[in-house]
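Enquirer: Turn this into a model:
(one chain, ligands or ions: 1)
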Amino acid sequence: MTTNNTSPPIHPATKLRRIIEDPNGFVFAPGVHDGLSARVALASGFDVLYMTGAGTAASRLGQPDIALTTLPDMRAHAEMIASLSPTTPLIADMDTGFGGPSNVHRSVLEYIRAGVAGAHIEDQTQQKRCGHLSNKQLVSMDVFVSRIRAAVAARKSVGSDFVVIARTDALAGEGGYEEALRRLKGARGAGADVAFLEGVPDKETMGRVIRDLEGWPVLLNMVEYGRTPTVSVEEARALGFRVMIWPFAGIAPAMVAMKTAYKELKSTGLMKGQEKVTPKDLFGMCGLDEWVKVDMAAGGEDFRNGV
Ligand SMILES: C[C@](O)(C(=O)O)[C@H](CC(=O)O)C(=O)O
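Expert: Below you'll find the model as predicted:
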């Protein structure tokens with residue numbers, strides 16, 4: 001009998017679930033909005049990534065975060081990002097789950113097949129909008145809980161450790177905090193793994209939700225210049241949050257850098273003052289060396305004389 005000493009890599013969903021189930025575990029994920037941002041985040045040492053839906057709408061479609069992205073858009077984007085480092089957990093935005101329980105069920109199976117480790121599903125209506133905009137419309141608590149129930153059933157149906165994150169946008173609605181808490185507790189009852197209170201307005205509410213959901217992992221959405229005051233990773237952790245995402249960490253600075261560069265090119269006809277980036281630097285960031293190794297290992301000739 002032959003033995004194989006190399007254990008198979010741990011599936012990223014299992015990795016994520018283990019961190020979340022460890023009472024001292026903490027997940028800290030930067031937003032990535034496309035392949036390049038994912039590459040840069042990985043090269044910066046992040047070991048969990050967050051695919052922002054707002055950033056996906058902006059980078060893939062050039063559109064605002066107002067429900068224009070469909071399941072195929074989000075799934076394809078997530079699959080591409082997850083494929084760049086198949087062992088790194090990717091948490092992805094799943095908006096409303098894209099319909100009724102059957103749609104949510106199917107969306108979760110699609111994300112699992114795409115290699116996504118976990119996703120958040122919210123209680124806005126189908127025509128949702130970014131959680132940091134005004135006049136959001138909510139579905140009833142029953143509809144929300146049925147979305148979560150469908151998501152949990154989907155992951156269980158394929159024996160996946162996929163992490164289901166229940167997001168409520170109810171804080172901004174008429175029922176305020178009490179209604180949001182009721183919804184999160186309902187989602188917990190339906191088997192969600194993590195609570196996500198969207199648009200937390202102050203530190204007092206941060207502490208309150210942690211206390212009120214004691215024993216259950218809570219996510220902090222750190223959208224800078226949104227409704228939530230900026231807190232550091234250390235502070236979030238000290239407050240008791242177990243997951244923290246920074247959705248705009250890549251896309252906001254990228255937009256600023258592009259604006260500056262395009263403006264300069266348009267007005268001066270030259271690109272000056274930028275940090276030097278050669279084509280090889282860019283391709284190197286995107287895995288050129290690994291592809292050269294793949295080619296050589298297979299006995300290919302393509303890169304024998306260098307690139
Ligand atoms: C977390 C979020 O769903 C996202 O798409 O990244 C957004 C972020 C944003 O648009 O500010 C949200 O909070 O709704």
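
Enquirer: pLDDT below threshold where in the protein?
Expert: 1-5 (pLDDT under 70).

Enquirer: Run through the helices of this protein in chain order.
Expert: Along the chain, counting by DSSP state H, helices occupy 12-21, 35-43, 53-56, 71-84, 101-113, 141-157, 176-189, 203-212, 233-239, 251-268, 279-285, 288-297.

Enquirer: In the second one, which residues are buried?
Expert: I take that to be helix 35-43. By 16 or more other C-beta atoms under 10 Å, the buried positions in helix 35-43 come out as Gly35, Leu36, Ser37, Ala38, Arg39, Val40, Ala41, Leu42. The way it works is simple: take the backbone N, C-alpha and C, and place the C-beta from them, glycine included.

Enquirer: And the last one, by the same measure?
Expert: Taking 16+ other C-beta under 10 Å as the basis for neighbour counts, the residues of helix 288-297 that come out buried are Leu288, Val292.

Enquirer: Might you quantify the distance of it from its chain's geometric centre?
Expert: Counting by C-alpha atoms, centre = their mean, to the nearest Å, helix 288-297 is centred 29 Å from the centre of its parent chain.

Enquirer: circling back to that earlier point, including distance to Pro64, could the helices of the chain go into CSV?
Expert: Below are the helices of the chain laid out as CSV (distance: least, C-beta to C-beta, whole Å):
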stretch, distance to Pro64
helix 12-21, 29
helix 35-43, 18
helix 53-56, 8
helix 71-84, 14
helix 101-113, 21
helix 141-157, 23
helix 176-189, 24
helix 203-212, 26
helix 233-239, 27
helix 251-268, 13
helix 279-285, 28
helix 288-297, 34
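
Enquirer: Can you tell me who Pro30 pairs with across the strands?
Expert: Note on Pro30: beta-bridge partners Trp246, judged by DSSP bridges.

Enquirer: List the contacts of it.
Expert: Ala41, Ser44, Phe46, Leu49, Tyr50, Ile245, Trp246, Ala249, Gly250 (C-beta atoms under 8 Å, 6 or more residues apart in numbering).

Enquirer: now do 7 Å
Expert: Contact analysis of Pro30 by C-beta atoms under 7 Å, 6 or more residues apart in numbering lists Ala41, Phe46, Leu49, Tyr50, Trp246, Ala249, Gly250.

Enquirer: Go ahead and confirm the fourth one touches Gly31.
Expert: Yes. The pair formed by Tyr50 and Gly31 meets the contact definition of C-beta atoms under 7 Å, at 5.2 Å.

Enquirer: where do the contact lists of these two overlap?
Expert: Ile245, Pro247.

Enquirer: who has more neighbours, the two?
Expert: Comparing Tyr50 with Gly31 by other C-beta atoms under 10 Å, the one with more neighbours is Tyr50, at 32 against 27.

Enquirer: Dig out what the more buried one forms beta bridges with.
Expert: Gly31, Ile91.

Enquirer: Report the separation between it and the ligand.
Expert: 7 Å (C-beta to the nearest ligand atom, to the nearest Å).

Enquirer: OK, contacts around the closest residue to Thr69 other than its chain neighbours?
Expert: Distances taken as C-beta to C-beta, 6 or more residues apart in numbering place Ala57 nearest to Thr69, at 4.9 Å, with adjacent residues excluded. Counting by C-beta under 7 Å, 6+ apart, Ala57 touches Gln63, Pro64, Asp65, Leu68, Thr69.

Enquirer: any idea which of those is closest to the ligand?
Expert: Of all these, the ligand sits closest to Asp65, with 4.7 Å by C-beta to the nearest ligand atom.

Enquirer: No further questions, thank you.
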